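Peer 1: make a model of this:
(chains A, B, C and D)
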2 protein chains.
Amino acid sequence: MTESPNHSVYFVPGLQRGLRVLEILGAAAGPMSLSEIGRAMELSRSSAFRLIYTLRHMDFIKEAEQKNTYTLGARVLNLGFAYLNQQPVTSISRPYLAALRDKIEVSTHLSVLEGEEVLYLGSHQARSGFVSNMATGTRTQAYASAIGWCLLSDLSDEELSLFCEDLDMVAFTDHTPTTFEALKVRVQAVREAGYVFSQGFRDPGGSSVAVPVRDNSGNVVACVNISGPDSGFDFDRVDTFYVPETKAAALKISRELGYAGPA
Amino acid sequence: MTESPNHSVYFVPGLQRGLRVLEILGAAAGPMSLSEIGRAMELSRSSAFRLIYTLRHMDFIKEAEQKNTYTLGARVLNLGFAYLNQQPVTSISRPYLAALRDKIEVSTHLSVLEGEEVLYLGSHQARSGFVSNMATGTRTQAYASAIGWCLLSDLSDEELSLFCEDLDMVAFTDHTPTTFEALKVRVQAVREAGYVFSQGFRDPGGSSVAVPVRDNSGNVVACVNISGPDSGFDFDRVDTFYVPETKAAALKISRELGYAGPA
DNA sequence: CAAAAGCGTTTTACATGCAAAACAAACTTG
DNA sequence: CAAGTTTGTTTTGCATGTAAAACGCTTTTG
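Peer 2: Purely as a prediction, here's the structure:
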């Protein structure tokens, strides 16, 4: 995975490798044995033993039903949810996203930009229709989705150019921008309209409306979006209902974050 | 917090302390500085520096707006959700919990026993009424809630006695059992009825129906429960509607887990 | 405004975490 | 069923991570 720049005197190798053990166990399909973990990390079994010993005694990993195999322990959950709950936008937006879901009867989501990726912080699933797989904690490439364009709409052209630099943009659908210029056009459209409506931009058969959320300094810090299968979308009411309602919810959240600028 | 039995030759102190840094940052109200972290862990600043240096370069923590203060980084989310998604019962139960929520129009939850605690793995909120605060990842004391009694209903009296041993049971409400014998009565009731209906057992003004979920070996591995404010509960239909529907959902999940026993 | 206290960082002698080798037990396998 | 592999675990000498002390720097404070 990520190759480690070990060559710093300040690095704590034990910590680095222990966390990699957790990530490997997290990415694994099932329980792993000591040897498997050691092999996956190109580490001697004796070292793997010490890491596992430590993690096990701290309850960060636990032995699976099958002896001598390990899975992630429940203690890692605390870390993840601590992070979620520390993001102010998560808790602030929750009631608004739920209300929006109830009003327009389509799934609603909150996301932020994390590096090159869109990170989903929370979802409120529609009651009916098929359930979107955009669960909390999921990540997608920012350049490839309408939500990503929303979150990037705050960047200047220079920053956007920088963002694209070490990015190999592959086309998921015909709508995916694969060059900086193409992406710039999408982002510019968001800047002007204040929202994106997309139909099949990322997933064929799925439609979405995305609106940026701003904080007290006016920066885009998150994105509210609604999404559902084309079958559940009333396309005649996009402009008159979905967009204004989503914009209104995003603005309410922005206001709670201290945003004082224009709607 | 948890005092560490350092005195093992196999312990990797760097890993242990690095994880404690993450937990301390997770429990903290806001960003912390290097010195604050060092003080919280009774660690020299130089050691704290090395841990923070490592965690920062791995994106497990990140610098906050204020210079030289740190918060949890988004990378910890991966660990938490990897754990959630690895629990088979989480994904299996999701559609059933959603369907149950839609049918009975009350919030539904899934939980498991983790040590002494009930750990909530997933929730599906009711559309109307007040939103329960039982968010995913939350923990509560098992002895003190109807859900806990459900999850404990698989334990023999001896195991239950062991469970109570180093547990100081304090009364949250008049219904909270504060002795082993009192708890045994509650658990026995679940064993016989196969469900618990509770009204104000843990939270005054809140009602709940909880039903155990079993796996292929017949063991209780999780608990399905519905809950809502008394105002949203139709008490006349508890026996004729809520209980049978919740039991049916729990049984469907149990069947998917390979449970072959009687309903 | 100077002294003092606090901060993040760097250095360095020393203690100690680490990986290779050795070990015993549990599997394969010809 | 015995030779050979692979497993989890223990040992041990050497390399290396570590904490105290030292270092600038900023922020209090009298």
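
Peer 1: three-state assignment of the residue of the stretch 151-263 of chain A found nearest DNA strand D?
Peer 2: Nearest residue of the stretch 151-263 of chain A to DNA strand D, counting by CB to the nearest atom of the strand: residue A:217, 21.0 Å away. Just so you know, the C-beta spots here come from the backbone N, C-alpha and C atoms, and that holds for glycine as well. In three-state terms, and counting by DSSP: H, G, I helix; E, B strand; the rest coil, residue A:217 is coil.

Peer 1: residue of chain A with the smallest distance to chain B?
Peer 2: residue A:80 (1.9 Å; CB to the nearest CB).

Peer 1: so that residue sits against residue A:136, correct?
Peer 2: No. If you go by CB atoms under 8 Å, residue A:80 and residue A:136 don't touch, sitting 9.4 Å apart.

Peer 1: between these two, point out the one with more neighbours.
Peer 2: The residue with more neighbours, out of residue A:80 and residue A:136, is residue A:80; 26 against 21, by other CB atoms under 10 Å in any protein chain shown.

Peer 1: what about chain A, any weak spots by pLDDT?
Peer 2: Residue ranges of chain A with pLDDT under 70: A:1-7, A:127-134.

Peer 1: follow-up on the earlier one: list residues touching both of residue A:80 and residue A:136?
Peer 2: residue B:81 (CB atoms under 8 Å, 6 or more residues apart in numbering or on different chains).

Peer 1: for the residue of the stretch 51-200 of chain A found nearest DNA strand D, give me its contacts.
Peer 2: Closest to DNA strand D within the stretch 51-200 of chain A is residue A:68: 4.0 Å, counting by CB to the nearest atom of the strand. By CB under 8 Å, 6+ apart, residue A:68 lies in contact with A:33-34.

Peer 1: ok, so what distance separates the residue sitting furthest away from the middle of chain A from residue A:38?
Peer 2: Distance from the C-alpha centroid of chain A peaks at residue A:46, with 36.3 Å (CA atoms, centre = their mean). Distance, residue A:46 to residue A:38, using CB to CB, to the nearest Å: 9 Å.

Peer 1: ok, now residue A:221?
Peer 2: For residue A:221, the distance to residue A:38 - CB to CB - is 41 Å.

Peer 1: again with residue A:72
Peer 2: 17 Å.

Peer 1: those two: which is more packed in?
Peer 2: Higher neighbour count among residue A:72 and residue A:38: residue A:72, with 26 against 20, using other CB under 10 Å.

Peer 1: show me what the more buried one is bridged to.
Peer 2: residue A:61 (DSSP bridges).

Peer 1: how about the contacts made by it?
Peer 2: Listed by CB under 8 Å, 6+ apart, the contact set of residue A:72 reads A:22, A:25-26, A:60-62, B:79, B:82-83, B:86.

Peer 1: for residue A:32, same thing?
Peer 2: A:24-25, A:40, A:69-71.

Peer 1: show me which of those are buried.
Peer 2: For the contacts of residue A:32, a burial check counting by 16 or more other CB atoms under 10 Å in any protein chain shown picks out A:24-25, A:40, A:70-71.

Peer 1: and chain B, which of these contact it?
Peer 2: Contacts with chain B within the buried ones among the contacts of residue A:32, counted by CB under 8 Å from any CB of the partner chain: A:25, A:71.

Peer 1: now, which of the buried ones among the contacts of residue A:32 lie within strands?
Peer 2: Using DSSP state E, the subset of the buried ones among the contacts of residue A:32 located in strands is A:70-71.

Peer 1: check the buried ones among the contacts of residue A:32 and tell me the two furthest apart.
Peer 2: The span of the buried ones among the contacts of residue A:32, defined through CB to CB, is set by A:40 and A:71 at 14.2 Å.

Peer 1: get me the contact residues on chain A for DNA strand C.
Peer 2: In this structure, chain A approaches DNA strand C at residues A:9-10, A:13-14, A:43-47, A:50, judged by CB under 7 Å from any atom of the strand.

Peer 1: need those residues in JSON lines with secondary structure and distance to residue B:187, can you?
Peer 2: Formatted as JSON lines, the residues of chain A next to DNA strand C follow (DSSP: H, G, I helix; E, B strand; the rest coil; distance: CB to CB, whole Å):
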{"residue": "A:9", "secondary structure": "coil", "distance to residue B:187": "56"}
{"residue": "A:10", "secondary structure": "coil", "distance to residue B:187": "52"}
{"residue": "A:13", "secondary structure": "helix", "distance to residue B:187": "47"}
{"residue": "A:14", "secondary structure": "helix", "distance to residue B:187": "43"}
{"residue": "A:43", "secondary structure": "coil", "distance to residue B:187": "45"}
{"residue": "A:44", "secondary structure": "coil", "distance to residue B:187": "47"}
{"residue": "A:45", "secondary structure": "helix", "distance to residue B:187": "43"}
{"residue": "A:46", "secondary structure": "helix", "distance to residue B:187": "45"}
{"residue": "A:47", "secondary structure": "helix", "distance to residue B:187": "44"}
{"residue": "A:50", "secondary structure": "helix", "distance to residue B:187": "40"}
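
Peer 1: among the residues you listed, which ones lie close to chain B?
Peer 2: Restricting these to those near chain B - CB under 8 Å from any CB - leaves A:10, A:13-14, A:50.

Peer 1: of these, buried ones?
Peer 2: Those of those that meet the buried threshold are A:14, A:50, by 16+ other CB under 10 Å.

Peer 1: which ones, among the ones next to chain B among the residues of chain A next to DNA strand C, also lie beside DNA strand D?
Peer 2: Near DNA strand D, by the rule CB under 7 Å from any atom of the strand, you find A:13-14 out of these.

Peer 1: DNA strand D: which of the ones next to chain B among the residues of chain A next to DNA strand C is nearest?
Peer 2: residue A:13 (4.6 Å).

Peer 1: wait, that closest one sits on residue B:14?
Peer 2: Yes. At 7.2 Å, residue A:13 and residue B:14 qualify as touching, with contact defined as CB under 8 Å.

Peer 1: figure out the helix or strand that the residue of chain A closest to chain B lives in.
Peer 2: In this assignment (DSSP states H and E), residue A:80 forms part of helix A:75-86.
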